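Undergrad: Give me a model of this one.
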Amino acid sequence: MSRSDAIDAADAQGRFLDENEYQAVAGRFQQAIVDLKAAKELAEQADVMSEQGRLFMVGQSQKQPDGSPADAEKKDDGQYANEITQYLRLLSYCLVAGNTGPLDDYVSFAPDNTRPSVVISRQGLNDGVDMLRYIKTYGGLSPETVKAVGRYVDYFIERIQTHAASSGIMLSPSNKLTSTVTTDDLQRDPLRYLQQVEAGETLVISKFDRPIAELKPVDDNHKLRPFGLCSGEFVVPDDFDDPLPENLLTAFEGQ
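TA: Residues are numbered from 1 along each chain as shown. Below is the predicted model:
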């Protein structure tokens, strides 16, 4: 509960804040202190994280799995470092603000001339998810900062995945949007969930809180097997269609 929510609730009933509301607001203040420390730590670690992230992304670009869409934009090392720095800066803004406003205000998926923004191109969506996951798993941050940053990294990744799914953009298999639905949800509205899968989303189906199946889009990137793969590897003998020898026929018939 935010401070304004607590005040609005009390004011609507013409009363002072109750103990639960005081505790909720106090919790927000305590979280704000943690978030500010995390924002400061991100700023202090930004140069090291950008450099190590650059090396990580170069490695990612060199091991693109078969059948997954590679980013069409060929980036140099400096571009990777600059983009990771941008993401770190936006995440630190969210920590200071205490909400996702900076991401919502400054990140777009198309150029916007009305305000400065971080533009994630159609080709850069996979890179964006990979960079954010690198930030979340970076080992040089304190546990408190990892937890604080993780909330906004998860939100940021979900924004990219949702945009890709709604726009029909195929992400790499490891970067696609995954949601969990229950068997009851699927029975109530199967068409809705099939449309989500058709848009590129993967659904994990659970029963009694236990995953039991996965529903995913058909991979249409597989190429048809070409004819003549084994050309010249062997020669069909002239007697290939001749009747089998009498002893083999007898063995097949169990005599």
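
Undergrad: switch to C-alpha atoms for all contacts and neighbour counts from now on
TA: Will do.

Undergrad: Give me the distance between residue 248 and residue 238.
TA: Distance, residue 248 to residue 238, using CA to CA, to the nearest Å: 19 Å.

Undergrad: Have a look at the two and say which one is more surrounded.
TA: residue 248 (10 against 7; other CA atoms under 10 Å).

Undergrad: for this protein, what spans make up the helices?
TA: Taking DSSP state H as the test, the helices found in the chain are 3-12, 19-61, 77-97, 101-106, 125-137, 143-166, 183-188, 190-198, 246-252.

Undergrad: Could you say which one of those comes nearest to residue 213?
TA: Ranking the helices of the chain by their distance to residue 213 (criterion: CA to CA) puts helix 183-188 first, at 9.8 Å.

Undergrad: Go ahead and name everything in contact with that closest one.
TA: Contacting residues not belonging to helix 183-188 are listed as 193, 205-207 [CA atoms under 8 Å, 6 or more residues apart in numbering].

Undergrad: Export the residues you listed as a markdown table, with columns for pLDDT and distance to residue 88.
TA: As requested, the contacts of helix 183-188 are exported to a markdown table (pLDDT from 0 to 100; distance: CA to CA, whole Å):
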| residue | pLDDT | distance to residue 88 |
| --- | --- | --- |
| 193 | 78 | 34 |
| 205 | 87 | 34 |
| 206 | 84 | 35 |
| 207 | 85 | 38 |
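
Undergrad: Among those residues, the buried ones, what's the PyMOL command?
TA: The PyMOL selection below is limited to those of the contacts of helix 183-188 classed as buried (16 or more other CA atoms under 10 Å):
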select buried, resi 193+205+206
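
Undergrad: so which pair among the contacts of helix 183-188 is furthest apart in space?
TA: Every pair of the contacts of helix 183-188 checked by CA to CA; the farthest is 193 and 207, at 16.0 Å.

Undergrad: Bridged to the spatially closest residue to residue 209 that is not a sequence neighbour, which residues?
TA: Leaving aside its sequence neighbours, residue 209 sits nearest to residue 182 (CA to CA, 6 or more residues apart in numbering; 7.9 Å). Judged by DSSP bridges, the bridge partners of residue 182 are residue 206.

Undergrad: mind listing what residue 182 touches?
TA: Here residue 182 is in contact with 205-207, 209 (CA under 8 Å, 6+ apart).

Undergrad: Generate CSV for these, with distance to residue 5 as supplementary columns.
TA: Shown next, in CSV, are those (distance: CA to CA, whole Å):
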residue, distance to residue 5
205, 35
206, 35
207, 36
209, 32
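
Undergrad: what two of these have the greatest distance between them?
TA: Farthest apart among the contacts of residue 182 - using CA to CA - are 205 and 209, which lie 9.3 Å from each other.
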